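Undergrad: Quick one, fold the following:
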Amino acid sequence: MQNQRDYGRIISLGVLFVAIDSGMAGMIRADGGPKYSMAGLLAGCITNIILDPIFTQAAIVVVMAVTNNILVSYGAKSVYGAEIPLTTIGITMKVNQIISAITIGLATGAKPIFGYNYGSGQKERVKQTYKIVLVSATVVLVLAFFIFQFAPMSIVRLFGAESDLYNEFAVKCFKLFLLACPINGLQMCLHL
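TA: Numbering: from 1, shown residues only. Next up, the predicted model:
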């Protein structure tokens, strides 16, 4: 809910400009200046194309920097030290990315099927494909969830089992960080 409020606040800063654009674009076109209207539209699109990835990447960098600093700071005060939390969160996040990539792959791979069948008016095939993607993603994510919760050492060993403290923290990290992976991945399919 907080994320939605934050997003809403950011979007509300641009509402005035969108309203002006929407109102003025039609008037400019009607006045015989469609090139000016198109130029304004293109300027906004190009700005968005350039700035969106810069800000998306900047946000990820800031989040990772804060997370790493917190892990090092508080980890140093614990029995685990600074290196174990930093290492295990990196492994956990990489495993999460692999699971997310599988789900995104299922969703992305289905898009041409959706488009073709929707365009040809075969809405039942669209629904059937959607169900197949959703069930496939759910099966993958539920299996991953059970591995993360009940056999996390099988994954941790792939990256090297170190000391007992390392293994203990890695298991905790997997169990907590990846607790909601079935729900997290499903949202990738639900926004198709």
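
Undergrad: what's in contact with stretch 76-83?
TA: Where contact means C-beta atoms under 8 Å, 6 or more residues apart in numbering, the residues beyond stretch 76-83 that reach it are Leu71, Val72, Ser73, Gly75, Pro85, Leu165, Tyr166, Phe169. Using the backbone N, CA and C atoms, a C-beta is placed for each residue, glycine as well.

Undergrad: Give me the buried subset of the residues you listed.
TA: When burial is judged by neighbour count using 16 or more other C-beta atoms under 10 Å, the buried members of these are Leu71, Gly75, Pro85, Tyr166, Phe169.

Undergrad: will you turn these into CSV that also has pLDDT?
TA: Putting the buried ones among the contacts of stretch 76-83 into CSV (pLDDT from 0 to 100) gives the following:
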residue, pLDDT
Leu71, 87
Gly75, 86
Pro85, 90
Tyr166, 90
Phe169, 91
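
Undergrad: Between which two of those is the distance greatest?
TA: The most widely separated members of the buried ones among the contacts of stretch 76-83, counting by C-beta to C-beta, are Leu71 and Tyr166 (13.7 Å).

Undergrad: just the contacts of stretch 76-83 now: which is nearest Val139?
TA: Phe169 (29.5 Å).

Undergrad: Enumerate the positions of the stretch of helix or strand that closest one belongs to that are buried.
TA: Element membership of Phe169, judged by DSSP states H and E, is helix 164-177. By 16+ other C-beta under 10 Å, the buried positions in helix 164-177 come out as Tyr166, Asn167, Phe169, Ala170, Val171, Cys173, Phe174, Phe177.

Undergrad: tell me the least confident of those residues?
TA: Between the buried residues of helix 164-177, the one the model trusts least by pLDDT is Phe177, at 86.

Undergrad: Good, we can wrap up now.
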